[in-house]
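Enquirer: mind looking at a prediction? Sequence and model below.
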Amino acid sequence: MKKELKVRATLAPAVAVLLALTGCRSRLSDQPAKPSKSVIEQPAAGDAFRVQRPQLFPLAVVEMRPLPTVLTCPGIVVPDVNRTVHVYSLAAGRVMEVKTELGRYVEKGQPLLLIHSPDLSADINAYLKAEADEEFSHEALLRAQELYSHGAISLKDLQQAEDAERKSRADLTTATQQLRILGADLHHLSPLIEVKAPISGTIVEQNISPGEAVKSVDSSSALFTIADLSRVWILSNVYENDLGKVHQGDLAEVRFNAYPDRVFRGQVDNISRVLDPSTRTAAVRIVLDNPHGMLRPQMFATVRIVSRKLLSRMVIPSSALFQLHDQYWVFVPTGPGLFKRRPVQAGMVVPGGYQEVLSGLEPGEKVVANSLQFAQTVEAEK
């Protein structure tokens, strides 16, 4: 009897422990199961995804819309050649003084430099001689007329005096015009030539310094180049493959690094009919007004040419695109709950929150409307 009691006492603690464990398991099984956090599962293919609740990601249809062709290319500011003048000296000599410099604005008639010219000295001597000869022939004509009126000389003598007067007057006129062409002051004759600005504008080129020799017009480069920069040209090189997209009169938007917040608008004024053989490009010219002188020659620009002709192109919402490793992607449904990531080539941004698609999709296909949200969900569930 005592042995039986001893066995029962030994088993009692074990039974209590088993009952306690059984009750704990019962309470755990009564709690509701937690839903899985995984919304997207990635199958074996790296760009394919299985979605448990695809209704969370609305789809958009690839549409066709009439859009202009947009071409972006680099450009450079150059002076308008119709408003540019090269300044030469019509007489050879040596530069005594330069009165302006590169980049300065000059008014029409403003002195640019002073040249000592032996050519001008010779022309001054010729002018003084012609002036003296004309005075002598004029006095001789007056005497001949007086004598002829009194019958002292013949008609032939009078006519010879008149002919000498005409010749001397012509020589004086020629000498006077030559001095005026060279820029000499007839009231203050001097071998110094003052070269003056033929137009108002900015000195955009200077090829002379004090003490240098000035050659004749036929064998020398321009001393100065003056440009009226109130209107400038933007020259942009367009590759021959893109020439069919550009037409005269197309709108152009020009941006400069110096003014990142401003857009200058103009039109395509001319398209060169000659290709550069080394670059296979043609120069496209855009004219811009520059009343405040903000645009300076040799400034680099980014030119965006928008054609007037509209072509039907594919567009999707901009939110359907996302960029990864310099490549644009979209998510395309491939079956019930299945999506695949597909690379596409994106074009210009279209007003209204859309963007052009150049390749990678077909009209009527569907894509995930918010690819960034889809991609973030994929990344969070990995």
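Expert: Now that the structure is in, tell me what you want to look at.
Enquirer: for the stretch 1-150 of the chain, give me the ranges with low pLDDT.
Expert: Filtered on pLDDT under 70, the stretch 1-150 of the chain yields the residue ranges 1-46.
Enquirer: in the stretch 101-250 of the chain, which spans are helices?
Expert: 118-149, 155-182 (DSSP state H, counting those that start in this stretch).
Enquirer: among these, which is nearest residue 54?
Expert: Between residue 54 and the helices of the stretch 101-250 of the chain, the shortest gap by CB to CB is with helix 155-182, which sits at 87.8 Å. The way it works is simple: take the backbone N, C-alpha and C, and place the C-beta from them, glycine included.
Enquirer: give the buried residues for the closest one.
Expert: Across helix 155-182, burial judged by 16 or more other CB atoms under 10 Å covers 158, 161, 164-165, 168, 171-172, 175-176, 178-179, 182.
Enquirer: which residue packs closest to residue 236, ignoring adjacent ones?
Expert: Nearest residue to residue 236, sequence neighbours excluded (CB to CB, 6 or more residues apart in numbering): residue 75, at 3.8 Å.
Enquirer: tell me which element the one you found falls in.
Expert: Using DSSP states H and E, residue 75 sits in strand 63-79.
Enquirer: buried ones in that strand?
Expert: Buried residues in strand 63-79 (16+ other CB under 10 Å): 67-71, 73, 75, 77-79.
Enquirer: in what helix or strand does the residue lying closest to residue 211 once chain neighbours are set aside lie?
Expert: Among residues not flanking residue 211 along the chain, residue 95 sits closest, at 6.2 Å (CB to CB, 6+ apart). Using DSSP H and E, residue 95 sits within strand 93-98.
Enquirer: check residue 294 too.
Expert: Short version, using DSSP H and E: residue 294 is in no helix or strand.
Enquirer: correct me, but residue 109 touches residue 196?
Expert: Yes - with contact defined as CB atoms under 8 Å, residue 109 reaches residue 196; the gap is 5.3 Å.
Enquirer: so the two - more neighbours on which side?
Expert: Ranked by neighbour count (other CB atoms under 10 Å), residue 109 and residue 196 place residue 196 first, with 16 against 10.
Enquirer: dump the residue contacts of that one.
Expert: Contact analysis of residue 196 by CB atoms under 8 Å, 6 or more residues apart in numbering lists 109-112, 183.
Enquirer: now residue 165
Expert: 134, 137-138, 140-141 are the contacts of residue 165 under CB under 8 Å, 6+ apart.
Enquirer: from those, pick the one nearest residue 313.
Expert: Using CB to CB, the contacts of residue 165 come closest to residue 313 at residue 134, 80.4 Å.
Enquirer: run the chain-centre distance for the helix or strand harbouring residue 310.
Expert: Per DSSP H and E: residue 310 is located in strand 300-317. With CA atoms, centre = their mean, to the nearest Å as the basis, strand 300-317 stands 17 Å off its chain's centre.
Enquirer: please put the alpha-carbon coordinates of it into CSV.
Expert: Taking C-alpha atoms only, strand 300-317 is exported to CSV below (Å, rounded to 0.1, in the frame of the first residue of the first chain):
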residue,chain,number,x,y,z
PHE,A,300,27.6,78.0,-75.6
ALA,A,301,23.9,77.2,-75.8
THR,A,302,21.5,74.2,-75.7
VAL,A,303,19.0,74.5,-78.5
ARG,A,304,15.7,72.7,-78.5
ILE,A,305,14.0,72.8,-81.9
VAL,A,306,10.3,72.1,-82.0
SER,A,307,8.9,71.2,-85.4
ARG,A,308,5.6,72.7,-86.6
LYS,A,309,4.6,69.4,-88.3
LEU,A,310,2.8,66.9,-85.9
LEU,A,311,3.3,63.2,-86.1
SER,A,312,1.3,60.4,-84.2
ARG,A,313,3.4,59.1,-81.4
MET,A,314,3.0,56.7,-78.4
VAL,A,315,2.6,58.3,-75.0
ILE,A,316,2.0,56.9,-71.4
PRO,A,317,1.7,58.6,-68.1
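Enquirer: identify the residues contacting the helix or strand harbouring residue 85?
Expert: Using DSSP H and E, residue 85 sits within strand 84-87. Outside strand 84-87, the residues that touch it by CB under 8 Å, 6+ apart are 112, 195, 197-199, 201, 204, 222-228.
Enquirer: which ones among these lie within strands?
Expert: 112, 195, 201, 204, 224-227 (DSSP state E).
Enquirer: buried residues, the helix or strand that contains residue 260. List them.
Expert: Applying DSSP H and E as the criterion places residue 260 in strand 259-271. Residues 264, 266, 268 are the ones in strand 259-271 that count as buried (16+ other CB under 10 Å).
Enquirer: thanks again, I'm all set now.
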